[in-house]
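Peer 1: after the sequence you'll find the predicted model.
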Amino acid sequence: MGGLNEVTITRAIINKYFKKLEDNVEVDVAVVGAGPAGLVASTCLAKAGYKVAIFERKLSVGGGIWGGGMLFNEIVVQEEAKRILEDFNIRVSKFEENYYTADSIETVSMLTAKAVQSGVAILNCITVEDVVMRPNRVIGLVIIWSAVEMAGLHVDPLAIRAKYVVDATGHDTEVVRVVQKKVPGQLLTPSGEIEGEKSMWSEKAEQLTVENTKEVFPGLFVAGMAANATFGGPRMGPIFGGMLLSGEKVAKLIQERLKQES
Ligand code: 48F
């Protein structure tokens, strides 16, 4: 058995991490947020052969899945979305007709494992603070260590380039918010601005999450709760089918674009 040297351990981590980061400074699709919508979207795109990276602000991935509803760690999905959980080998149990549950911890773990094993690079602890535009299209992201953001340090960020960007940042719709500031009134929403999330209405929200999953500015798509917040749909509470279906839809839309362009 060989010896163990702390410096070799350090070099191994630095070497592998920075190779991963460098490999992902130019991607086909950059997804912001590793919640359910972002994880499903990126897995579908990676499985279709595209180079995908997720940038996640937090140390942990999974977004709002972990806590189920009010910290009770079970999630609900409807019939239509059950097949997506099953595709990720997540065990689903029937509660009543059209109501299925899954363990939220299992859901995060399996969605994440499948994403990474399909080739998605998940870069956690990185916050997207801005976009790169040329001139009227989003062509990349401006990123900073979340630790720098949290400490309030005055440090310049770095940039990455992507053919398409997905805002899967949930309720705060952070990427769209940045774009709105740069080009007021020019979003592809009815008012040209973020329409804002409406109050809870599960049935309507689930359907609208999928309908609202689309391009909101050239090069920038919205998925998951960010889609409803951007286009003015209601929130839905701890039912997650719409998030999964939205991830699947955004992947399909972007794939069609990438195919047309190749
Ligand atoms: O909030 P989140 O889970 O978004 P989602 O995929 O799913 C929404 C549901 O969890 C829930 C719901 C279901 O009924 O309504 O809220 O739409 O995941 C969003 C992720 O994006 C990260 C954030 O930390 C979270 O993990 N995020 C947000 N802003 C940024 C970001 C940013 N600027 N840079 C990087 N990551």
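Peer 2: Structure's in. What do you need?
Peer 1: ends of stretch 216-234, what's the gap?
Peer 2: Start-to-end span of stretch 216-234 (C-alpha to C-alpha, to the nearest Å) is 18 Å.
Peer 1: show me what the longest helix seen in the chain is packed against.
Peer 2: As assigned by DSSP state H, the longest helix anywhere in the chain is helix 241-261. The helices and strands touching helix 241-261, judged by 3 or more C-beta pairs under 8 Å, 6 or more residues apart in numbering; DSSP states H and E, are strand 26-32, helix 36-47, helix 79-87, strand 158-167, helix 202-211, strand 220-222. (Each C-beta comes from the backbone N, C-alpha and C, glycine too.)
Peer 1: try it again at 7 Å.
Peer 2: helix 36-47, helix 79-87, strand 158-167, helix 202-211, strand 220-222 (3 or more C-beta pairs under 7 Å, 6 or more residues apart in numbering; DSSP states H and E).
Peer 1: let's test this: mean pLDDT of the shortest one, rounded?
Peer 2: If I follow you right, that is strand 220-222. Strand 220-222 shows a mean pLDDT of 98.
Peer 1: which is the succeeding secondary structure element to it?
Peer 2: Note on strand 220-222: by DSSP states H and E, the next helix or strand toward the C-terminus is helix 225-231.
Peer 1: okay, that next one in PDB with CA atoms only?
Peer 2: Coordinates of each C-alpha in helix 225-231 appear next as PDB, following Å, rounded to 0.1, in the frame of the first residue of the first chain:
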ATOM      1  CA  MET A 225     -41.300  28.300 -11.000                       C
ATOM      2  CA  ALA A 226     -39.300  31.000 -12.800                       C
ATOM      3  CA  ALA A 227     -41.600  30.400 -15.800                       C
ATOM      4  CA  ASN A 228     -44.700  31.200 -13.800                       C
ATOM      5  CA  ALA A 229     -43.100  34.100 -12.000                       C
ATOM      6  CA  THR A 230     -42.000  35.600 -15.300                       C
ATOM      7  CA  PHE A 231     -45.200  35.100 -17.200                       C
END
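Peer 1: residues making contact with that helix?
Peer 2: Contacts of helix 225-231 with the rest of the structure, by C-beta atoms under 7 Å, 6 or more residues apart in numbering, involve 167-171, 173, 176, 189, 194-197, 205, 208-209, 212-213, 216, 222, 234-235, 246.
Peer 1: stretch 113-123 too?
Peer 2: 20-21, 23-24, 34, 39, 42-43, 46-47, 52-56, 61, 88.
Peer 1: same check on stretch 49-63?
Peer 2: Residues outside stretch 49-63 that contact it (C-beta under 7 Å, 6+ apart): 24, 27-36, 38, 42, 45-46, 108, 112, 120-128, 141, 143, 146, 170, 258.
Peer 1: repeat that with 6 Å
Peer 2: Here stretch 49-63 makes contact (C-beta atoms under 6 Å, 6 or more residues apart in numbering) with 24, 27-32, 34-35, 38, 42, 45-46, 108, 112, 120-128, 143, 146, 170.
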